[in-house]
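# what follows is a protein structure lacking sequence information:
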Ligand code: G1P
Ligand code: ZN
């Protein structure tokens, strides 16, 4: 066993985006590519001697190889103890849970979340800090800067590590503890939700379908929903994680979870449907022939938080990303708690939760969570809904329609223009940025612009500033058009257009979202010249 110092040269573009470094598997497979980035992490986080780190991923193609490299590099950097999920598996929320529970210095998550996997798919790596959450920008910027100047990496030459069995072994001076990927997380969930009430719900014949999308959420859902909560076998579909997610796009939205949506629309549909993504941090909530938008889900959870034992004392506040609908804001107002607006990406919620300012957080991109960990948490949201359904005993659709009747409905949709020419996308955004200051006061169709700007955020806890976080055009009635470029894509650029319209009048709550939002979509296209500049007749994906 020898520790080698291997000369290397920087790879351009190792800049973490919205959620870590995401690239094509083929890019990660270049000799030294992963090693360089991991070295940049170790150089940035400093002395790890005697410290605990947590390591795991969503099991996608290249997970095993990456785990092997990272373990050997961790050993070369004097890490005291490494907790690794069995077979290299840990969902993103489970990793956050393990970091917090075991007082680790941080953790390394291997995932490209909802992006497709396999040899031609995507891979990703992300560093989480001791609070269990994604490293803030100041750290990811430092990792990037280091990746651009490093000249060597350090690695142990030990091999043949068996990660398929729980147990403990030693590499160099580092103790490797292989842990059950589900146990700590399941225990945390059992403390937050009324498992007895949910068990009784299932015992009474309540039927559910959970789509694991052949991704890492499957084993967690199977253990908890079928095992601990007694749902019948077969409740979890696509529950075995596959390296390529069975060729599917593991993003739990009505487009990519089409199998679940079809089952939930069938005459014999179960009472409740849900899905989670590649790494288990996203969720979709579905009733019979009724998909709940993520923004509405957050608003419903906030309204009903106290049904769950873990939130009986009430919530301190809510945070949502800027493009997420303002439905949660209305709930916060009624509850008399603050609602924070942050840039896109879960990392912006960490400070607010650490400072005790918010309990619940959410994003329109099928992300919901609370301060129980510092990542969004797909299964947590599903368990919350199960707890709510066990208490209220009403269909999902009724719960949401009653919510709209009380608070008004925020019609909401996101249009993605994927893999657009990067220069064309930059130009489109630059043009909107230049145009924004002159939009206020303009009348566009039936709307009048109240405010238009390039959103920037000052973190209320540490004062850090994030600029250029999306062009927002807010109408006098609260309706909004938002444009931003994706920070997670790996091909060209992805333009995201977010549309929101508020309707207080219950008589107007029966429209489908596409028709309700069509006038705003027309304005967005006219302003941004979306179709002309992207050369597309419409979005690639609409959710
Ligand atoms: C997308 C979502 C964002 C989410 C992120 C990671 O980022 O829009 O809300 O936090 O994935 O799951 P984007 O590609 O838009 O930068
Ligand atoms: Zn994810």
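Thanks, I have it. From a predicted model like this one, the values you see are computed outputs, not experimental measurements. Ligands and ions are numbered 1, 2, ... in the order given.
# buried stuff in stretch 471-479?
Within stretch 471-479, the residues scored as buried using 16 or more other C-beta atoms under 10 Å are 471-475, 478-479. For glycine as for every other residue, the C-beta is placed from the backbone atoms N, C-alpha and C.
# where's the dip in pLDDT among those residues?
On pLDDT alone, residue 478 ranks lowest of those, at 93.
# next up, the contacts around that one.
Contacts for residue 478 (C-beta atoms under 8 Å, 6 or more residues apart in numbering) come out as 326, 502.
# doesn't it lie inside a strand?
No - counting by DSSP: H, G, I helix; E, B strand; the rest coil, residue 478 falls outside a strand, being coil.
# gap between it and residue 450?
Remark: distance between residue 478 and residue 450 (C-beta to C-beta, to the nearest Å) = 8 Å.
# how is residue 98 assigned, secondary-structure-wise?
Under three-state DSSP, residue 98 falls in the helix class.
# could you check how far it is from ligand 2?
17 Å (C-beta to the ion, to the nearest Å).
# for that residue, the count of nearby residues, please.
Residue 98: 27 surrounding residues under other C-beta atoms under 10 Å.
# equivalent analysis for residue 135, please.
Residue 135: 23 surrounding residues under other C-beta under 10 Å.
# that one reaches residue 129, doesn't it?
Yes - assessed by C-beta atoms under 8 Å, residue 135 is found in contact with residue 129 at 5.3 Å.
# residues of the stretch 1-150 of the chain that sit close to ligand 1?
By C-beta under 6 Å from any ligand atom, the residues of the stretch 1-150 of the chain that approach ligand 1 are 18-19, 113.
# returning to that earlier point: most widely separated two among the buried residues of stretch 471-479?
471 and 478 (17.2 Å; C-beta to C-beta).
# which residues of the stretch 401-543 of the chain lie near ligand 1?
Within the stretch 401-543 of the chain, the positions near ligand 1 by C-beta under 6 Å from any ligand atom are 486-488, 496.
# min pLDDT across those residues, which one?
Checking pLDDT across these, the minimum falls on residue 488 at 80.
# confirm that it sits in a helix.
No - with three-state DSSP as the criterion, residue 488 is located in coil rather than a helix.
# give me the phi and psi for it.
Dihedral angles of residue 488 (phi, psi; degrees, to the nearest 10) stand at phi -120, psi -10.
# tell me the residue of this protein that sits nearest ligand 2?
Distances between the chain and ligand 2 by C-beta to the ion are smallest at residue 113, namely 3.1 Å.
# need the contact list for that residue.
Neighbouring residues of residue 113 by C-beta under 8 Å, 6+ apart: 19, 22, 58, 92, 124, 277-279, 281-282, 488.
# kindly recompute the last result at 6 Å.
Contact partners of residue 113, counting by C-beta atoms under 6 Å, 6 or more residues apart in numbering, are 278-279.
# give me the pLDDT for it.
92.
# kindly report the same for residue 160.
For residue 160, the pLDDT comes out at 69.
# all further residue positions should be reported with the first residue as 724.
Okay, residue one is now 724; in that scheme the one you just asked about reads as residue 883.
# low-confidence ranges, this structure, go.
For the chain, residues meeting the criterion pLDDT under 70 lie at 883.
# show me where the stretch 874-1023 of the chain has its helices.
Per DSSP state H, counting those that start in this stretch, the stretch 874-1023 of the chain carries helices over the ranges 906-915, 918-926, 940-944, 981-988, 1017-1026.
# is it possible to export those helices to JSON lines including mean neighbour count and distance to residue 955?
Shown next, in JSON lines, are the helices of the stretch 874-1023 of the chain (neighbours: other C-beta atoms under 10 Å; distance: least, C-beta to C-beta, whole Å):
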{"stretch": "helix 906-915", "mean neighbour count": "18", "distance to residue 955": "19"}
{"stretch": "helix 918-926", "mean neighbour count": "17", "distance to residue 955": "8"}
{"stretch": "helix 940-944", "mean neighbour count": "28", "distance to residue 955": "13"}
{"stretch": "helix 981-988", "mean neighbour count": "17", "distance to residue 955": "15"}
{"stretch": "helix 1017-1026", "mean neighbour count": "26", "distance to residue 955": "25"}
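# with distance to ligand 1 as extra columns, can I get those helices in a markdown table?
Formatted as a markdown table, these follow (distance: least, C-beta to the nearest ligand atom, whole Å):
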| stretch | distance to ligand 1 |
| --- | --- |
| helix 906-915 | 19 |
| helix 918-926 | 27 |
| helix 940-944 | 14 |
| helix 981-988 | 19 |
| helix 1017-1026 | 9 |
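# got those as CSV, with distance to residue 1118 columns?
Shown next, in CSV, are those (distance: least, C-beta to C-beta, whole Å):
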stretch, distance to residue 1118
helix 906-915, 24
helix 918-926, 13
helix 940-944, 21
helix 981-988, 12
helix 1017-1026, 13
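# mind listing what's buried in stretch 961-981?
Neighbour-count burial for stretch 961-981, with 16+ other C-beta under 10 Å as criterion, is recorded at 961-962, 964-968, 971-977, 979-980.
# and which of the residues you listed is nearest to residue 1037?
Checking the buried residues of stretch 961-981 against residue 1037 with C-beta to C-beta, the nearest one is residue 975 at 28.6 Å.
# ok, now which ones touch that closest one?
Residue 975 touches 998-1000, 1005, 1007, 1089, counting by C-beta under 6 Å, 6+ apart.
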